[in-house]
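> Task: produce atomic coordinates for the following.
(chains A and B)
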Amino acid sequence: MSDLEQFRQETRVWLQENCPEAMRQQAKGFEDIFNGGRNPEFIHPDQKLWCDRMAARGWTVPHWPREYGGGGLSKEEVRVLAQEMAAIRARPALSSFGISMLGPALLHFGSEEQKLEHLPKIVRGEIRWCQGYSEPNSGSDLASLATKAEDKGDHYVINGQKIWTSYADKSDWIFCLVRTDNSGTKHEGISFVLFDMAQEGVTTRPIKLISGSSPFCETFFDNAIADKKNLVGEEGKGWTIAKYLLTHEREMISAFGAAPKKSVGQVALDSIGADASGRLSNSILRQNIAQYQLDTMAFGATMARVGDESKAGKGLGAASSIFKYYGTELNKRRNELNLAVCGESGLGWEGEEYHQGVVSRDWLRSKGNSIEGGTSEVQLNIIAKRVLGLPDA
Amino acid sequence: MALVLNEEQVMLKESAAGFLAENATVTHLRALRDSNSERGFSDDVWNEMAQMGWAGIAIPEAFGGLGYGYTGLGLLLEQAGRNLSASPLQSTVLVAATLIGELGSSQQKEELLPAIAAGQKLISLALQEGPHHAPQQSALSATLNEGDYILSGTKLMVLDAVSAHTFIVIARTSGTPDEEQGLSAFLLDAGTAGLTVERRSLVDSRSAGALVCDNVRVPAANLLGAPGSAWVGLNRALDIANIGLASELLGVSTEVFERTIAYLQERKQFGRVIGSFQGLQHRAAELFAELELARSIVLKALHAIDDGDQELSLIASAAKAKLCEVAQRATNEAIQMHGGIGMTDEYEIGFFIKRARVVQHTFGDYNYHLDRFAQFSGF
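The predicted structure follows:
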């Protein structure tokens, strides 16, 4: 038996013995997956058990190195673990911005001390992180950010305001872009710092969205303190880290463009019906859905191609911008089609008659996809300038 | 199969690009057009292509081909699209050789495929009868008469009609138009009594034509496959043909796009290069994203042929529909962004839009294939 096959057998047995029954069904939504933190919200008590058992082996973040609490698994082993989890429909034990965003940045840019301090707590789900990037006057033009950090010797004093901070009201620590220097160009003088949200100088206020939910906050800093040992990278060089993470974030958001499990065409057929030839009875809607499904297929092939190319050592320039732009636009199209297919039953907030409000909330939420993480227009600017070499105005 | 080219394929692509850029460019196409070339391609160039093995690129080695598969042929067609290289690659290599491979007896394959692979024999499919692709509706009749078949009817849009040595004529031996059953494929040599070949002049400066069969007598031995059951093989050959044409459209689209970007970087108005205007930048960037999707679906479709994918019809219609859409947008934007000069015959962009539309319509356009894609998707 190969090592990998042995790993598979052992993993299968371990999962059988350790994955609680209640965790063996697909998460219904983002909120259904455990996010960790000092004041965790448990929808089901087994969430904690499942997270603790997985974290003990480092399998909440199986690809991170062992010395930082991760599972230390190879790419192949990570894939086997995912396959075995999928086989019993085990849901992820933990999902957080610490895992998806800060961790990769620390592994890339952090000091040894910072990695040892912060990464194991992310693996164990002890600290929940949020991202302090956008400001009221710095959205698409993120580098113009003004939140000020004053040097006080061994620490910074931070004043200013962030906006669109995802789950700031539920987070324990923040990774934050601050301005430590005003003398150079706007890209210079930005620093990447980490600090505790549980302090007097930090307040948060949830923002209610058009979809009715409040995943984002306004976050205010009034003489907040950040220890200097939590400056990541060099002072004034934070933009490099910010760009790295933006690229990363775009890839995550573009995953929204993936094909849904049940095709829109199939859903439409079920609710609207077919004509004598088997075609969806509304031919205009049928055409719109076909165009969407065709583009989704081509988009999926592009994700696969770029994945294969990067394995072969080649890369598509500005691939993340293409994915972010196209994936989010596709998701908006899908949601509009979903609304068309559901008709007025997609326009209510609650009740079975209105799909429990899922259709309407998803539709409204999708409008933000092409704004957050860099608008579609910003992505097109990046493609035009960096890939096509078209000059600035 | 991973969605990347292997080393052999990269070499093939590069050598094809080099050869065509030297020998079969838009300049050569213009010269063929202006000299009223009957055949619409250069025999010398075709002979050289054959010597390089291109005529047998997808034909199995057992029948004298190179056995590179359709991914290899797709790469050649893409480069032909970039250069608008005229040759019988489409009529003979892509369509006819594939159909013979699908329907022919081993004796027919042994006789015909090596001759195609050697570049000695040109064969073309005679399928279409009206202005739209509608293969089930073929009505040209073939009736049994003393052991032979008598063919009567007209075929249109026959590629390289005046050059082909032989035609594969799709005829109805039974059933009524719109039925898949009852269609048969006949090998019919040019010069057979009762057969008239008429050259037609299309916008793309390539040679196509019409066949008129006036009681043409064909021996039963010329049947390709069993009588009345050509549909499955024809359908598969058309899927493959459409994927090949999608490859050509990818080449056409990529080339016009690159030429357009170069023009945006150089043309000045209002004291600055026009490529600095955001109104044009965003359109160019959107088109770039579409071209990346187009490239992916073409490669996926080519691999689907070579891997024996069960859903080939779905993927073929997806690839053709997507490439029709992207080619239409790329060529229209090319003319608009070039402005007045793009409207002149002297400038080359016009050749691309004309070729693109002919390829788009050959074996089914965007509307045909989007409808078919939806059907195979189950709605």
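> Tell me if the helix or strand of chain A with the lowest mean pLDDT is near chain B.
Of all helical and strand segments in chain A, the minimum by mean pLDDT, DSSP states H and E falls on helix A:238-254, at a mean of 84. No - on the criterion CB under 8 Å from any CB of the partner chain, helix A:238-254 is out of touch with chain B, staying 11.4 Å away. From N, CA and C alone the C-beta is placed, and that goes for glycine too.
> can you list the residues that contact that helix?
Defining contact as CB atoms under 8 Å, 6 or more residues apart in numbering or on different chains, one finds that helix A:238-254 is touched by A:100-101, A:104-105, A:108-109, A:131, A:133, A:142-143, A:177-178, A:187-188, A:190-193, A:232-233, A:320-321, A:323-324, A:326-328, A:369, A:372-374, A:379.
> mind running it again at 7 Å?
Applying CB atoms under 7 Å, 6 or more residues apart in numbering or on different chains, the external contacts of helix A:238-254 come out as A:100-101, A:104-105, A:108-109, A:143, A:177, A:187, A:190-192, A:232-233, A:320-321, A:323-324, A:327-328, A:369, A:372-374.
> what's the answer for stretch A:285-303, then?
So stretch A:285-303 is contacted by A:257-259, A:263-265, A:268, A:279-280, A:323, A:326-327, A:330, A:333-334, A:337, A:340, B:3, B:292-293, B:296-297, B:300, B:318, B:321-322, B:370, B:373-374, B:377, B:379 (CB under 7 Å, 6+ apart).
> now that stretch: how far from the chain's centre is it?
Distance, stretch centre to chain centre, for stretch A:285-303: 23 Å (CA atoms, centre = their mean, to the nearest Å).
> Any buried residues in that stretch, and which?
The neighbour-count check on stretch A:285-303 (16 or more other CB atoms under 10 Å in any protein chain shown) flags A:285-286, A:288-303 as buried.
> following the longest helix seen in chain A, which helix or strand comes up?
What stands out as the longest helix in chain A, according to DSSP state H, is helix A:283-311. Using DSSP states H and E, the helix or strand that follows helix A:283-311 in sequence is helix A:319-342.
> So which bits of that following helix are buried?
Neighbour counts using 16+ other CB under 10 Å place A:319-335, A:337-342 of helix A:319-342 among the buried residues.
> Next, see if that helix gets close to chain B.
Yes - interface with chain B: helix A:319-342 contributes A:322, A:325-326 (CB under 7 Å from any CB of the partner chain).
> tell me the mean pLDDT for the very next helix or strand once past that helix?
Counting by DSSP H and E, the element after helix A:319-342 in chain order, helix or strand, is helix A:358-366. For helix A:358-366, mean pLDDT is 92.
> and if you look at stretch B:78-93?
Mean pLDDT, computed over stretch B:78-93, is 98.
> Distance from the chain centre to that stretch, please.
Distance, stretch centre to chain centre, for stretch B:78-93: 8 Å (CA atoms, centre = their mean).
> Tell me how far the most far-flung residue of chain A relative to its centre lies from residue A:268.
For chain A, the largest distance from the centre (CA atoms, centre = their mean) belongs to residue A:276, which lies 44.4 Å off. To residue A:268, residue A:276 is 17 Å away according to CB to CB, to the nearest Å.
> what residues does chain B put near chain A?
Applying CB under 7 Å from any CB, we find that chain B lies next to chain A at B:2-4, B:261, B:264-265, B:273, B:275-276, B:278, B:281-282, B:284-286, B:288-289, B:292-293, B:296-297, B:299-300, B:318, B:321-322, B:370, B:373-374, B:377-379.
> buried subset of those residues?
Looks like the residues of chain B next to chain A have B:3-4, B:261, B:264, B:273, B:275-276, B:281-282, B:284-286, B:288-289, B:292-293, B:296-297, B:299-300, B:318, B:321-322, B:370, B:373-374, B:377, B:379 buried, using 16+ other CB under 10 Å.
> Now residue A:347: closest residue in space, sequence neighbours ignored.
Spatial nearest neighbour of residue A:347, excluding adjacent residues (CB to CB, 6 or more residues apart in numbering or on different chains): residue A:360 at 5.8 Å.
> my bad, residue A:337
Spatial nearest neighbour of residue A:337, chain neighbours left out: residue A:264 (5.2 Å); criterion: CB to CB, 6+ apart.
> returning to that earlier point: if I read this right, the residue nearest to residue A:347 contacts residue A:348, doesn't it?
Yes - using CB atoms under 7 Å, residue A:360 is in contact with residue A:348, at 6.5 Å.
> quick one on the thing from earlier: please list the members of the contacts of stretch A:285-303 that lie in helices.
Per DSSP H, helices hold the following members of these: A:264-265, A:268, A:323, A:326-327, A:330, A:333-334, A:337, A:340, B:292-293, B:296-297, B:300, B:318, B:321-322, B:370, B:373-374.
> Residue B:315 contacts residue B:303, doesn't it?
No - contact criterion CB under 7 Å: residue B:315 and residue B:303 do not qualify, at 9.3 Å.
> who's more crowded, the two?
Between residue B:315 and residue B:303, counting by other CB atoms under 10 Å in any protein chain shown, residue B:315 is the more crowded of the two (25 against 20).
> Need the three-state assignment for the more buried one.
Assigned by DSSP: H, G, I helix; E, B strand; the rest coil, the conformation of residue B:315 is helix.
> per-residue confidence at it?
For residue B:315, pLDDT reads 98.
> Residue B:179 versus that one, what's the distance?
Residue B:315 is 26 Å from residue B:179, where distance means CB to CB.
> One more: residue A:381?
Taking CB to CB as the measure, residue A:381 falls 55 Å from residue B:179.
> Make sure residue A:205 is actually in contact with residue A:168.
No - here residue A:205 does not reach residue A:168: they are 8.7 Å apart, not a contact under CB under 7 Å.
> Next, show the common contact partners of those two.
Common contacts of residue A:205 and residue A:168 (CB under 7 Å, 6+ apart): residue A:217.
> Out of those two, name the residue with the larger neighbour count.
Set side by side, residue A:205 and residue A:168 show more neighbours around residue A:168, with 26 against 13, by other CB under 10 Å.
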